[in-house]
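Give me a model of this one.
(2 chains)
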Amino acid sequence: SQQGEEDPQALSIQEGENATMNCSYKTSINNLQWYRQNSGRGLVHLILIRSNEREKHSGRLRVTLDTSKKSSSLLITASRAADTASYFCATDATGGGNKLTFGTGTQLKVEL
Amino acid sequence: GAVVSQHPSRVICKSGTSVKIECRSLDFQATTMFWYRQFPKKSLMLMATSNEGSKATYEQGVEKDKFLINHASLTLSTLTVTSAHPEDSSFYICSARSLDSYLNQPQHFGDGTRLSIL
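Numbering: from 1, shown residues only, chains lettered A, B, ... in the order given. Below you'll find the model as predicted:
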């Protein structure tokens, strides 16, 4: 299966700024999920947005989904140094047996 | 809740050795577990889907005789890298889905295993 793409590949911001990451995918989906990965660790689930939802919030996270454009965005507001990590989108394709296809990821660095 | 434990976290061994990695769901039953491989600074690539009590389903290009998967119980799946060579060095991550989860539920990931073959 083809991976989705994320942009930017890398993002460096100052603490307190907002960070926006974008994800594009290719197939029809049941849902799209965002995960965070600290260096050398496993993935932590952040948000799941269903195909019939357009926007979802969780704390400082805001996710949008545009199924007509096959794209999603993750916004982290008021970023902190602890937000430094890699962020991946993953799609659960319709009829895909709940397998996830991961995007290429965005490496976020939040500097003090 | 929904904790997945992966063991070992790091393995360094000689070429030709077979290495077994365990993935356990600690507080839930998992009918399905997934095994991923990740190269440095790259994304996760699905290797295979492990179903309890049946043969694993491998993704295209993944050698099933090289990467043996066993899912003998609802809480344990193992990945054995047979006769490992330096090119098998990578970060291997498992994830699990709960028995009672249907559509629109996240997967729960282990912390990964760093495999280094000398």
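
so how far does stretch B:56-69 reach from one end to the other?
Using CA to CA, to the nearest Å, the end-to-end distance of stretch B:56-69 comes to 6 Å.

how about that stretch: buried residues?
B:56-58, B:62, B:67-69 (16 or more other CB atoms under 10 Å in any protein chain shown). Any C-beta I mention is one placed from the backbone N, CA and C, and that applies to glycine too.

Over to stretch B:66-80?
Residues B:67-69, B:71, B:74-79 are the ones in stretch B:66-80 that count as buried (16+ other CB under 10 Å).

returning to that earlier point: among the buried residues of stretch B:56-69, give me the pair with the biggest separation.
Maximum pairwise distance among the buried residues of stretch B:56-69 (CB to CB): 13.6 Å, between B:57 and B:68.

Adjacent strands (with direction) for the helix or strand of chain A at the bottom of the mean pLDDT ranking?
Within chain A, confidence by mean pLDDT, DSSP states H and E is lowest for strand A:5-7 among all helices and strands, at a mean of 85. Each strand paired with strand A:5-7, and its direction, by DSSP bridges: strand A:19-24 (antiparallel).

Name the next helix or strand downstream of the strand it pairs with, please.
strand A:29-37 (DSSP states H and E).

returning to what we had before: so which of the buried residues of stretch B:56-69 comes closest to residue A:4?
residue B:62 (20.0 Å).

Next one: the closest one from chain A, what distance?
12 Å (CB to the nearest CB, to the nearest Å).
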